[in-house]
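> This is the structure alone, sequence omitted:
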């Protein structure tokens, strides 16, 4: 059906006013273009629209949209009606439908603008359509890939949490084993001594009751009581010391005894008592400390951490009576204090280095080591003083422990 004379004449005046070049541009535009009358008839269709929509010019010109594409008719009539009522364009509207020659649904992004006669009357609506099927498909693929990546990331984090939890449980298992070992030994010895003393006391009491006590038996019993008492005191003291260490490892103490102190001077005092033992072992202890380095924190805990680290270096870097040296340095950096403990001993394997700060991990348990020194020192530095501790080591190249401490301790527990 042909367009009405009034609409066709107005369209010729507005769209193609004696300009063949403009008509050529319209027909060869890279996006689909169509012109609809106010009652939704096709007045113009360009070549690109026939390609992307699978329609023909001959089958659509002059015909109502509802007769040609019933599935889109309601949406088209609503948009055209809105433009006729408001005079405002409608842009960025996505339209979904099927081409007559295809089963797959296609998507077009459309832009609708009113065309006006010289009098200002809206005589038609120009429609620009760009097919976005592939773009939408790509966006969906990207969304699916992103969702898959997020799921994989979530699973990775869950796995990481599981590994961390497993590592914590393993550390807890080592701690329990260490507690059992360290407590069972002195308690076991004490129990044996107490049992022996109990039997001897019963025998001695029997002799007293019978009146057959000899001087030699009394002397022997007194010596046994003295020896057993000494062993009991020794083993109970060892047990008490281990319990104290365990309480330190469990961080039961609060933020007490905070004050400003001279880090340099306290470093000298903290390791002064180690000079004799270092000398006996043939290990030189070198201090390199800047004067006047101060910190607002917990001097007792700092001294304990430093003493543990220096003792650990002496014990583990130079086993089997090896000789060498340990260098301790203190210096002030921008905003923090750096304390370094460096040995030139046997170093650590990657596996030992990985577990160095774990509670009760030690390579010298058979020689009486508890595996608490580095763990307590790390806890003090990080949780009590609010600092950082790093460890560098490799087999044969010694070990370097560096403490980075804030000028003011940040108690984080």
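Now that the structure is in, tell me what you want to look at. Since this is a predicted model, take the numbers as computed values, not measurements. Residues are numbered from 1 along each chain as shown.
> mind checking the SS state of residue 390?
Secondary structure assignment for residue 390 (DSSP: H, G, I helix; E, B strand; the rest coil): strand.
> In this structure, what residue spans correspond to helices?
5-15, 20-28, 47-53, 65-68, 70-86, 133-210, 215-249, 263-272, 275-281, 299-317, 350-355, 373-379 (DSSP state H).
> Just list the residues touching residue 296, thanks.
258-260, 407-409 (C-beta atoms under 8 Å, 6 or more residues apart in numbering). Any C-beta I mention is one placed from the backbone N, CA and C, and that applies to glycine too.
> so how far is residue 401 from the nearest residue to residue 375 once chain neighbours are set aside?
Closest residue to residue 375 apart from its sequence neighbours, by C-beta to C-beta, 6 or more residues apart in numbering: residue 359 at 4.3 Å. Using C-beta to C-beta, to the nearest Å, we find residue 359 at a distance of 17 Å from residue 401.
> likewise residue 276?
Separation of residue 276 from residue 401 (C-beta to C-beta) stands at 23 Å.
> Please apply the same query to residue 84.
Taking C-beta to C-beta, one finds residue 84 at 81 Å from residue 401.
> higher neighbour count, those two?
residue 401 (23 against 13; other C-beta atoms under 10 Å).
> I figured the more buried one hits residue 348, correct?
No. Counting by C-beta atoms under 8 Å, residue 401 sits too far from residue 348 to count as a contact (10.9 Å).
> pLDDT score for residue 400?
With respect to pLDDT, residue 400 scores 93.
> show me what contacts it?
So residue 400 contacts 340-342, 391-393 (C-beta under 8 Å, 6+ apart).
> Among those residues, which one lies nearest to residue 196?
residue 341 (44.8 Å; C-beta to C-beta).
> Please give me every residue in contact with the closest one.
If a contact means C-beta under 8 Å, 6+ apart, then residue 341 has 306, 309-310, 313, 326-328, 400-401 as its contacts.
> From those residues, which shows the smallest pLDDT?
Lowest pLDDT within the contacts of residue 341 is found at residue 313 (86).
> who are the neighbours in contact with it?
By C-beta under 8 Å, 6+ apart, residue 313 lies in contact with 326, 341, 343, 345, 399, 401.
> Residue 35 against residue 124, yeah?
Yes. Counting by C-beta under 8 Å, residue 35 does reach residue 124; the two are 5.1 Å apart.
> Please identify the nearest residue in space to residue 384, excluding sequence neighbours.
Residue 384's closest residue in space is residue 301 (C-beta to C-beta, 6+ apart), at 4.9 Å.
> So the one you found versus residue 270, what's the distance?
Residue 301 is 11 Å from residue 270, where distance means C-beta to C-beta.
> Looking at the two, which one has more neighbours?
Set side by side, residue 301 and residue 270 show more neighbours around residue 301, with 24 against 19, by other C-beta under 10 Å.
> So that one versus residue 223, what's the distance?
In terms of C-beta to C-beta, residue 301 sits 44 Å off from residue 223.
> ok, back up a step: distance to residue 148 for the contacts of residue 341 - can I get that in a markdown table?
Below are these laid out as a markdown table (distance: C-beta to C-beta, whole Å):
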| residue | distance to residue 148 |
| --- | --- |
| 306 | 51 |
| 309 | 47 |
| 310 | 52 |
| 313 | 50 |
| 326 | 53 |
| 327 | 53 |
| 328 | 53 |
| 400 | 44 |
| 401 | 43 |
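> Widest-spaced pair of those residues?
Spanning the widest gap among those are 306 and 400, at 14.9 Å by C-beta to C-beta.
> and stretch 392-412, how far from the chain's centre?
From the chain centre to the centre of stretch 392-412 is a distance of 21 Å (C-alpha atoms, centre = their mean, to the nearest Å).
> Pull out the buried residues from the strand ranked longest in the chain.
Using DSSP state E to define each element, the chain has its longest strand at strand 105-116. Buried residues in strand 105-116, defined by neighbour count with 16 or more other C-beta atoms under 10 Å: 106-112, 114-115.
> Now do the residue lying closest to residue 207 once chain neighbours are set aside against residue 220, distance only.
In space, and not counting its chain neighbours, residue 207 is closest to residue 213: 4.8 Å by C-beta to C-beta, 6+ apart. From residue 213 over to residue 220 the distance is 11 Å, taken as C-beta to C-beta.
> ok, now residue 86?
Using C-beta to C-beta, one gets 118 Å for the distance from residue 86 to residue 220.
> neighbour-wise, which of those two wins?
A count of neighbours by other C-beta under 10 Å puts residue 220 above the other of residue 86 and residue 220, at 13 against 10.
> how much space between that one and residue 92?
For residue 220 relative to residue 92 (C-beta to C-beta), the value is 107 Å.
> go on, residue 287?
Here the criterion is C-beta to C-beta. By it, residue 287 lies 74 Å from residue 92.
> now residue 300
Residue 300 sits 70 Å away from residue 92, going by C-beta to C-beta.
> The two: which is more packed in?
Counted by other C-beta under 10 Å, residue 300 and residue 92 do not tie: residue 300 has more neighbours, with 17 against 8.
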